[in-house]
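Undergrad: Based on what follows, work out the 3D shape:
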Amino acid sequence: MSQFRVRIASVAALVLVLGFLAASNFFGPEAREESPLLPDEVMRLGLDLQGGIHWVLGVQLAAAELHELEYLSGAIERSAEDGGYELSRVAVEDGQLVIDGAGPDDLREVRVFADEHGGLDVVSELQDRIVLQLSGDWRKQVRERGMAQVLEVLRRRIDDPVTGIPESVITRQGDDRILVQIPGGDAEREKARRLLKTTGFLEFKIVQDVAQTVELLEAKYEGELPDQTEVISEQDKESERVLTAYLVSTKAAITGDYLDDARVQFDRQGRPVVGFTFNGEGGRIFGELTSENIGNQLAIILDERVYSAPNIRSQINMRGQIEGRFTPEEAAELAVVLRAGSLAVPVEIEEERTVGPALGADSIARGVRASVVGLALILVFVVVYYRLSGVYAAIALVSNLLMLIGIMSLSEATLTLPGLAGIVLTVGMAVDANVIIFERIREELRSGKTPRGAIATGFSKATWTVLDANITTLITALVLFQYGTGPIKGFAVTLAIGIVTSVFAAMVITRLLFEIHPGVRQVESLSI
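TA: Numbers count the residues shown, from 1 in each chain. Purely as a prediction, here's the structure:
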């Protein structure tokens, strides 16, 4: 008897706690802040319920083709050095690769390279010049790789668990566009803009000369900088005033492509910095660079802007820091950008729409109304048809709904409009298990068993039928969550949680209610 009471107390406590979490969603932020009993975090709402931003981003895939041509130009130059033939000029012009050679034999070697590579077609060929372009199939592959990279980088940045915006939708739309939907208000919009605006191209260059302004530095060289050099500057974040100008090589000694990780750290004064770690190859290159330039300044450049230029005091292999007068939030966002990788292909916002919270409030009201009406109709049906046993089923159904919302609040899941549809569907499906159980008990009563025996046998025989029906649906929900996007995932999450709570309510709560007062009175309506 004591074990039975413990079971009842445990189930009641579980339902009450989850019911309390479910009810906390109906209190406003002010009430949750004032009351120590109410949780701070509740169920999040998706874009379609709380409003947010709808962006269509255009991906400049022509830049991906240009990068591929630049890479191939370098490959051809390296091939010429290794093969011992000469090329007077290799340049990318108007989307084509123009190569001037010293003689027919040299250009013949270029044709061999193009044939072996398989991605270059000869456009024209003169006595001392050959013009190449990307083949159709290779151009298509380059564009696909560019789209895949942009999608992956944006997902890493915006969905980052630390500083990202949870439950955002980032999906491909057509050949060269990306759809981004971000729930939230102005703060989330500005954060997303910063994450999109930052290309994230990190470079490390040895400083060759330094001055207070760009003009002073250029004046040192009378307006003609040394070959293969450029002037970059460190600027104040707020006023954009140039703090220091640096003369560096146009080619980076090492880039962020070799980064393995980036995290927010704090220096000895407690100021936030971004600590980075190179992979094995990057550590080797960085170690050689720093060992050969001890005493010189190393400019750390992100998107053509110098963040810091510390003096190299000793050899550095795997780890380093980026200082830049950051706030903790800015340092965290920069770490996200570096971890996610650079956007080799630029993107721009082609379409922007704002989903207002009023539309979301109307959707919530309609969804709640549909859930209440659906639940009320089901409760009336089971009570009228099964009478007292139907009352037990009604209690289990209400408990199921409370547990469903409570678990979503506890896990901080995001409720979307399809998720509301999932709740309505769960309410409709939740009665199925009770109907199966009641019909099994009815069969046992017809065979002459006692009420207590009919209840035990009915639940026992119905268990595998109920589990089979719900596990197959649960598998479907998991597949939808794994391969679906945004709204589909919202529906899958609600459906999966609803299936679990429905089975628990039918097999545990309804069973306990029958066992509280077992006898004829509880199952008399099932003997029809």
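Undergrad: helix or strand for residue 398, which one?
TA: For residue 398, the host element (DSSP states H and E) is helix 357-410.
Undergrad: what packs against that helix?
TA: helix 2-24, helix 47-50, helix 417-446, helix 486-504, helix 510-516, helix 520-523 (3 or more C-beta pairs under 8 Å, 6 or more residues apart in numbering; DSSP states H and E). In short, each C-beta sits where N, CA and C put it, glycine included.
Undergrad: and with 10 Å instead?
TA: If you count contacts as 3 or more C-beta pairs under 10 Å, 6 or more residues apart in numbering; DSSP states H and E, helix 357-410 packs onto helix 2-24, strand 44-45, helix 47-50, strand 414-415, helix 417-446, helix 486-504, helix 510-516, helix 520-523.
Undergrad: Now do the fifth one: distance to the chain's middle.
TA: Taking the mean of its C-alpha atoms, helix 417-446 sits 35 Å from the chain's own mean (C-alpha atoms, centre = their mean, to the nearest Å).
Undergrad: Figure out how far whatever helix or strand comes next after that helix is from the centre of its chain.
TA: Counting by DSSP H and E, the next helix or strand C-terminal to helix 417-446 is helix 451-483. Here the centre of helix 451-483 is set off from its chain's centre by 33 Å, with C-alpha atoms, centre = their mean.
Undergrad: on contacts alone, who are the packing partners of helix 451-483?
TA: Going by 3+ C-beta pairs under 10 Å, 6+ apart, helix 451-483 lies up against helix 417-446, helix 486-504, helix 510-516, helix 520-523.
Undergrad: Let me see the contact set for the residue of the chain most remote from its centre.
TA: Residue farthest from the centre of the chain, counting by C-alpha atoms, centre = their mean, is residue 448 at 59.0 Å. By C-beta atoms under 10 Å, 6 or more residues apart in numbering, the contact list for residue 448 reads residue 454.
Undergrad: any idea how far residue 461 is from it?
TA: Distance from residue 448 to residue 461, counting by C-beta to C-beta, to the nearest Å: 16 Å.
Undergrad: State the pLDDT value of the nearest residue to residue 282 once chain neighbours are set aside.
TA: Spatially, and ignoring its direct neighbours in sequence, residue 282 is nearest to residue 258 (2.6 Å; C-beta to C-beta, 6 or more residues apart in numbering). At residue 258, the predicted lDDT confidence score is 78.
Undergrad: same check, this time on the one 5 residues further on
TA: What the model reports for residue 263 is a pLDDT of 79.
Undergrad: And the one 5 residues further on, by the same measure?
TA: Per-residue pLDDT puts residue 268 at 75.
Undergrad: sec struct for it, please.
TA: Reduced to three states with DSSP: H, G, I helix; E, B strand; the rest coil, the structure at residue 268 is coil.
Undergrad: And it, how far from residue 323?
TA: 12 Å.
Undergrad: Give me the more crowded residue out of those two.
TA: Neighbours per residue (other C-beta atoms under 10 Å) separate residue 268 from residue 323, with residue 323 holding more: 16 against 5.
Undergrad: show me what contacts the residue nearest to residue 282?
TA: Contacts of residue 258 (C-beta under 10 Å, 6+ apart): 202, 204, 276-286.
Undergrad: ok, how many other residues are close to residue 119?
TA: Using other C-beta under 10 Å: residue 119 sits among 17 other residues.
Undergrad: I'd say it and residue 145 touch.
TA: No: in this structure, residue 119 is not within contact of residue 145 by C-beta atoms under 10 Å, at 12.0 Å.
Undergrad: who touches both of the two?
TA: By C-beta under 10 Å, 6+ apart, residue 119 and residue 145 have these common neighbours: residue 68.
Undergrad: got any ranges where the stretch 151-300 of the chain has weak pLDDT?
TA: 159-167, 184-189, 195, 197-200, 237-239 (pLDDT under 70).
Undergrad: So which residues of it form helices?
TA: 186-197, 214-220, 280-292 (DSSP state H, counting those that start in this stretch).
Undergrad: in the helix or strand hosting residue 75, what counts as buried?
TA: Element membership for residue 75, per DSSP H and E: helix 61-83. Across helix 61-83, burial judged by 16 or more other C-beta atoms under 10 Å covers 61, 64-65, 68-69, 72-73, 76, 79-80.
Undergrad: that older thread, make CSV out of the helices of the stretch 151-300 of the chain and add distance to residue 387 and mean neighbour count.
TA: Below are the helices of the stretch 151-300 of the chain laid out as CSV (distance: least, C-beta to C-beta, whole Å; neighbours: other C-beta atoms under 10 Å):
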stretch, distance to residue 387, mean neighbour count
helix 186-197, 52, 15
helix 214-220, 87, 14
helix 280-292, 73, 16
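Undergrad: Residue 92 touches residue 69, doesn't it?
TA: Yes: with contact defined as C-beta under 10 Å, residue 92 counts as touching residue 69 (4.7 Å).
Undergrad: what does the domain assignment say about the protein?
TA: Using automatic domain parsing, the domain parsing of the chain gives 2-46+357-526, 61-140, 201-314.
Undergrad: out of those, nearest to residue 330?
TA: Among the domains of the chain, the nearest to residue 330 by C-beta to C-beta is domain 201-314 (7.8 Å).
Undergrad: and the end-to-end length of the closest one?
TA: 25 Å (C-alpha to C-alpha, to the nearest Å).
Undergrad: How about stretch 57-64?
TA: Start-to-end, stretch 57-64 (C-alpha to C-alpha) is 16 Å.
Undergrad: cool, stretch 194-201 as well?
TA: OK, stretch 194-201 end separation, C-alpha to C-alpha: 14 Å.
Undergrad: Likewise for stretch 265-274?
TA: With C-alpha to C-alpha, one end of stretch 265-274 sits 6 Å from the other.
Undergrad: same deal with stretch 115-126?
TA: 18 Å.
Undergrad: how far out from the middle of the chain is it?
TA: That offset, for stretch 115-126, works out to 40 Å (C-alpha atoms, centre = their mean).
Undergrad: For residue 294, grab the count of nearby residues.
TA: Neighbour number of residue 294 under other C-beta under 10 Å is 11.
Undergrad: repeat for residue 500
TA: Residue 500: 16 neighbours (other C-beta under 10 Å).
Undergrad: ok, now the one 3 residues further on?
TA: By the other C-beta under 10 Å criterion, the neighbourhood of residue 503 contains 20 residues.
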